[in-house]
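[1] Predicted coordinates and the sequence they were generated for:
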Amino acid sequence: MAENRGPVQLPDQVKDAVVEEYLRGDKIDLIQMDHQFSPGSLYRILHEREIPLRTFMVWVPDRDWLMLGSPKRCRHIGGSPKTHCPNLSSWGFPRSNGVWAYCREHMYGRRIRNGIVEMAVHPESPSAQRGYVER
Ligand SMILES: [Zn+2]
């Protein structure tokens, strides 16, 4: 196994082409088919060239989040020493003991578009297939 972890033995011009194709957004499986190598080889070339991996996420509505009638204090408590976030938020989600509001800084990767809270999910995830996130 260890012998399979070393640098990929391909001419530099092939590696250059692979990196160029990857960076311009070509599909992984097409790059692999064109050059007839394994997924592992592709990723080892990218690693060797210090190319950051592409991530494709899709935004879907997070249907638990609601716009509040009036802003509430963000519930986030953190830092050292622990302090309560001073921000107000117009967004929150219902829990058994009321609506929990969080400011944009503490919405953890969510964004607001056209009055809807959205979350980035992997394109092959169930949420992406359904078109929304639901707890
Ligand atoms: Zn906050």
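    Good, I have the coordinates. Numbers count the residues shown, from 1 in each chain.

[2] Any part of stretch 100-116 near the ion?
    Yes - with C-beta under 5 Å from the ion as the measure, stretch 100-116 is seen reaching the ion through Cys103, His106. Every C-beta, even on glycine, is put in place using the N, C-alpha and C of the backbone.

[3] Give me the buried positions along that stretch.
    For stretch 100-116, a neighbour-count test (16 or more other C-beta atoms under 10 Å) marks Trp100, Ala101, Tyr102, Cys103, His106, Met107, Arg110 as buried.

[4] Looks like the second one contacts Trp91 (just checking).
    Just to be clear, that refers to Ala101. Yes - contact between Ala101 and Trp91 holds when scored by C-beta atoms under 8 Å: they sit 6.5 Å apart.

[5] Before we move on, what's the pLDDT of Gly131?
    Gly131 is assigned a predicted lDDT (pLDDT) of 90.

[6] What are the phi and psi values at Ile116?
    Comment: the main-chain dihedrals of Ile116 come out as phi -130, psi 130, following degrees, to the nearest 10.

[7] That one against Pro61, yeah?
    Yes - with contacts defined as C-beta under 8 Å, Ile116 counts as touching Pro61 at a distance of 5.0 Å.

[8] and stretch 125-135, which residues are buried?
    Applying a neighbour-count criterion of 16+ other C-beta under 10 Å, the buried positions in stretch 125-135 are Ser127, Ala128, Val133.

[9] Which residues of the protein lie near the ion?
    Counting by C-beta under 5 Å from the ion, the residues of the chain lying close to the ion are Cys74, His76, Cys85, Asn87, Cys103, His106.

[10] Alright, calling it a day.
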